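Enquirer: A predicted structure for the sequence below; I have some questions about it.
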2 protein chains.
Amino acid sequence: MKRHTENDDAAVPRRTREPGQTRQKILGSAFHEIYRRGFQAASLDGIVADAGVTKGALYHHFPDKASLGYAVVDDVIRGHLLARWLGPLEGHDADPLTALQNAFRARAKEVQPHEAELGCPLNNLAQEMSPLDEEFRARIEAVFDQWRAGFADALERAKTAGTVREDVDSQQVATFLVAAAEGSFGLAKNARSLEMFRSNMEMLARYLETLRARA
Amino acid sequence: MKRHTENDDAAVPRRTREPGQTRQKILGSAFHEIYRRGFQAASLDGIVADAGVTKGALYHHFPDKASLGYAVVDDVIRGHLLARWLGPLEGHDADPLTALQNAFRARAKEVQPHEAELGCPLNNLAQEMSPLDEEFRARIEAVFDQWRAGFADALERAKTAGTVREDVDSQQVATFLVAAAEGSFGLAKNARSLEMFRSNMEMLARYLETLRARA
DNA sequence: TCTAACATACCAACCAGTCGGTATGTCGTA
DNA sequence: TACGACATACCGACTGGTTGGTATGTTAGA
């Protein structure tokens, strides 16, 4: 029989020090603060207060403010991208073009009210930090590249399946789709209009229809 | 014979106090500082140093930092929009659709290297300030509305001229075009790629072709 | 002489980052 | 098993620097 600690049957281990958990709390609070105020204006005091930790904990887990921002891109924002845009494209090998159209229409349906106020976290960070910090720019670009690659892959599979015309440049179209999606977030955010975002998602779905191969 | 001041034939009136000129210098420096660093990070000390004036002059012409930002939107950025996007659309009543396509292709040709680094000033300000300051948001929205109205007007004229299909929703398409253009600026800025911007402008020109009425 | 158009000196607030210190865990060794 | 030695995880007061904004002084020009 194995030895056990006093808490191995409790649902929540209530230890005062939980480095992984602490790091996650800091990352979550940092994401929200940066999402609302931007990276430069995000206050570390505000982040630690929201996370319920102190400066000491923050600087134990992250060497400086920039590194905290990088971790938000890599660990939090990249996850959002996968869940919201690339996950729905997996499978559907028979008709990847329709799957892509459905992804835009699903995003139109499921868009949250706060997204009409705050926009896309990735786009926000890209616009603010790309010219100011090369490390930020490169990490954000990696996420954009993954996004474009996911769309381009779906278009290539659609060409293989015969639903997209052979003369379509998958990379070029994928880049255009990502740009149009981010631009739509941006305009809708300024106009505070979910309806504007939905309309643009529908426009993209219809645009994709013009790429479909003749039967 | 009219009376005249002592300087009406001199090229440059050399007076030390020139309120209009001072205001313009401040606005120009403010635009550049905000374009490079963002509004919140823009330093008033930096702006007055660049403009060659002092805090006293700045606060004589503008009540606070926010009002300086508003003036940059209304006086500087709106002018850029008119010159770069809406001016080329005037006239061309015989074929406004081609004029619109040409506007995108011209923008692709004439895009400046610094725009691949710093993006579109209007979009930058919109993404940063829309959620933080309602007055900013409203003034930026006014510029976007003017932009969309210019595109929508061109599309309506094209419908009248018979070059665009009757079932096209001019407002919806105009909004989509502006969103896609701003998104293209944003992606190209992150990727530091003029080529990406040019490719997307070409995509928009080709998209417009799908709206053309059958001959 | 009177006022608009500046200049200069200054301040309180806030910021990221540091540092001395403490509590909690882990591990080698006897 | 017990204990000392050490490392990790965290605390919170403090600092130097920067910021937007202000109060007061000065001067050009009508």
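Expert: Cool, got the structure.

Enquirer: what's around the residue in chain A that DNA strand D sits nearest to, how many residues?
Expert: Nearest residue of chain A to DNA strand D: residue A:56, at 1.6 Å (C-beta to the nearest atom of the strand). Where you see a C-beta, it was placed from the backbone N, CA and C, and this is true even at glycine. A count of nearby residues for residue A:56, using other C-beta atoms under 10 Å in any protein chain shown, gives 9.

Enquirer: ok, now which ones touch it?
Expert: Not one residue lies near residue A:56 by C-beta atoms under 8 Å, 6 or more residues apart in numbering or on different chains.

Enquirer: Quick one: distance of the helix or strand hosting residue A:57 to the chain centre.
Expert: Counting by DSSP states H and E, the element that carries residue A:57 is helix A:55-61. Taking C-alpha atoms, centre = their mean, to the nearest Å, one finds helix A:55-61 lying 26 Å from the centre of the chain it belongs to.

Enquirer: quick check: mean pLDDT across the helix or strand that it is followed by?
Expert: Using DSSP H and E, the helix or strand that follows helix A:55-61 in sequence is helix A:65-71. Helix A:65-71 carries an average pLDDT of 96.

Enquirer: wait, does helix A:65-71 make contact with DNA strand C?
Expert: Yes - interface with DNA strand C: helix A:65-71 contributes A:65-66 (C-beta under 7 Å from any atom of the strand).

Enquirer: If you count neighbours, what's buried in that helix?
Expert: A:65, A:68-71 (16 or more other C-beta atoms under 10 Å in any protein chain shown).

Enquirer: Output that helix in CSV with nothing but the alpha carbons.
Expert: Extracted in CSV, the C-alpha atoms of helix A:65-71 (Å, rounded to 0.1, in the frame of the first residue of the first chain):
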residue,chain,number,x,y,z
LYS,A,65,6.9,42.7,-18.0
ALA,A,66,7.8,41.9,-21.6
SER,A,67,8.2,38.2,-20.8
LEU,A,68,4.8,38.1,-19.1
GLY,A,69,3.4,39.5,-22.3
TYR,A,70,5.2,36.9,-24.5
ALA,A,71,3.8,34.1,-22.3
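
Enquirer: For the helix or strand just after it, what is the distance to the chain centroid?
Expert: For helix A:65-71, the succeeding helix or strand toward the C-terminus, using DSSP H and E, is helix A:78-81. Taking C-alpha atoms, centre = their mean, one finds helix A:78-81 lying 4 Å from the centre of the chain it belongs to.

Enquirer: again with stretch A:21-41
Expert: Computed by C-alpha atoms, centre = their mean, the chain-centroid distance of stretch A:21-41 equals 14 Å.

Enquirer: average model confidence for that stretch?
Expert: Stretch A:21-41 shows a mean pLDDT of 95.

Enquirer: hey, where'd the helices end up in chain A?
Expert: A:19-37, A:44-51, A:55-61, A:65-71, A:78-81, A:96-110, A:113-118, A:121-129, A:134-161, A:170-191, A:194-209 (DSSP state H).

Enquirer: Give the buried residues for the fifth one.
Expert: Judged by neighbour count (16+ other C-beta under 10 Å), helix A:78-81 contains these buried residues: A:78, A:81.

Enquirer: And the contacts of it?
Expert: The contact list for helix A:78-81 (C-beta under 8 Å, 6+ apart) reads A:121-122, A:143, A:146-147.

Enquirer: Any of the residues you listed buried? List them.
Expert: A:121-122, A:143, A:147.

Enquirer: how about the residue nearest to residue A:148 when sequence neighbours are not counted, what does it touch?
Expert: Take residue A:148 and drop its neighbours on the chain: the residue closest to it by C-beta to C-beta, 6 or more residues apart in numbering or on different chains is residue A:174, 4.6 Å away. Contact analysis of residue A:174 by C-beta under 8 Å, 6+ apart lists A:148-152, A:155.

Enquirer: And the buried ones among those residues, selectable in ChimeraX?
Expert: Buried members of the contacts of residue A:174, defined by 16+ other C-beta under 10 Å, are picked up in ChimeraX with:
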select /A:148,150,151,152,155
